[in-house]
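Chemist: Just the structure for this:
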Amino acid sequence: MELLLNIIPSFGTFTIMDGEIKSGDRHGQDGRVLGEEWLDWRENSADCVKIDEGKKTFLVLSMIVLAVILFLAALFLYLILPRFASFGRIWAIFITLSFIGVALFVITWYTLLFATVISRKSYMNLCLTRGSSLFFLLYPLVLKVGGFFGIARDRLSHSFIRVSNTLARPERSTGPVLALFPRCLRKDMRKEACEICSRFPDVVFHTAPGGSIARRIIGETNPRAIVAVACERDLISGIQDIAPKIPIIGIPNSRPSGPCKDTVIDIENFRSAIEFFCISD
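Modeler: Purely as a prediction, here's the structure:
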């Protein structure tokens, strides 16, 4: 019995919060509360360096991924085309022309998005209304290719967020502009950001401790645009869910004390994002 009692504590303690099992490992030794995306982080991990990855990283890797996908699709078509030809030459021509049409459409769509990100000009509003979804589809594959080349997940995510921000466009609607802050934002940064928000009558701001609460706030406020402050990992999840429906600009934070504690942001980037949605209307 004594042996059993000695073993049990070593597994840690668990409490049930909001229907989920939360481990004591969520709390660091310095009192920080780790978000779900940072449960694998340890106190001695190196995550105190400011990430400043440009858009080029994601664009180049996404181009490679798209080229590989089209090459493999063409190779697959080459292998199965003789089977279709056995049913008649017309079938082989139809399949070939269909593939060429789809390939040209995807290449044109990607080219327009690429040109928009580089020049910041909208070349085809119909394509750009939900255009960034093509990049969203490529992102998981780009992440794997980036890992193969030794590019860290957060670096690549930072690059993707910059690309997504460039594609955001103000929309004319009756909802407010919603500013979302994480609970870990340093107090002086939060105060300064709130002061910026208070200068615009149609800007509301909230603190969202997690993704589920952020989604609830978005549902309640029904904003016309969102400026979200968070780490790259949380922003990626939110942008993929929200950006195809609501324009969103992500402001990645810097973590001089590690994740989920006393994070900071470039306040001028935040100011520019708020003004972009408020003054551009």
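Chemist: Pass me the low-pLDDT residue ranges in the stretch 151-281 of the chain, would you?
Modeler: Across the stretch 151-281 of the chain, the stretches falling below the confidence threshold (pLDDT under 70) are 280-281.
Chemist: what ranges do the helices span in it?
Modeler: Applying DSSP state H, counting those that start in this stretch to the stretch 151-281 of the chain gives helices spanning 153-167, 187-198, 211-221, 232-242, 267-279.
Chemist: now what about the third one, what contacts it?
Modeler: Where contact means C-beta atoms under 8 Å, 6 or more residues apart in numbering, the residues beyond helix 211-221 that reach it are 18, 36, 175-176, 178, 180, 204, 206, 208, 226, 228, 234, 237-238, 241-242, 246. In this view, the C-beta of every residue, glycine as well, is placed from N, C-alpha and C.
Chemist: now with 10 Å?
Modeler: With C-beta atoms under 10 Å, 6 or more residues apart in numbering as the test, helix 211-221 has contacts from 18, 20, 35-37, 175-178, 180, 182-183, 204, 206-208, 210, 223, 226, 228, 230, 234, 237-238, 241-242, 245-246, 248.
Chemist: likewise the second one?
Modeler: Defining contact as C-beta under 10 Å, 6+ apart, one finds that helix 187-198 is touched by 177-179, 181-186, 203-205, 207, 227, 229, 251, 253, 262-268, 270-271, 273-275, 278.
Chemist: Buried residues, that helix. List them.
Modeler: M189, R190, A193, I196, C197 (16 or more other C-beta atoms under 10 Å).
Chemist: could you give the angle of that helix to helix 267-279?
Modeler: Helix 187-198 and helix 267-279 are oriented at 20 degrees to each other (axes from the mean of the first three to the mean of the last three C-alpha atoms, to 10 degrees).
Chemist: Pull out the buried residues from the contacts of helix 187-198.
Modeler: Among these, those that count as buried by neighbour count (16+ other C-beta under 10 Å) are 177-179, 181-182, 184-186, 203-205, 207, 227, 229, 251, 253, 262-265, 270-271, 273-274, 278.
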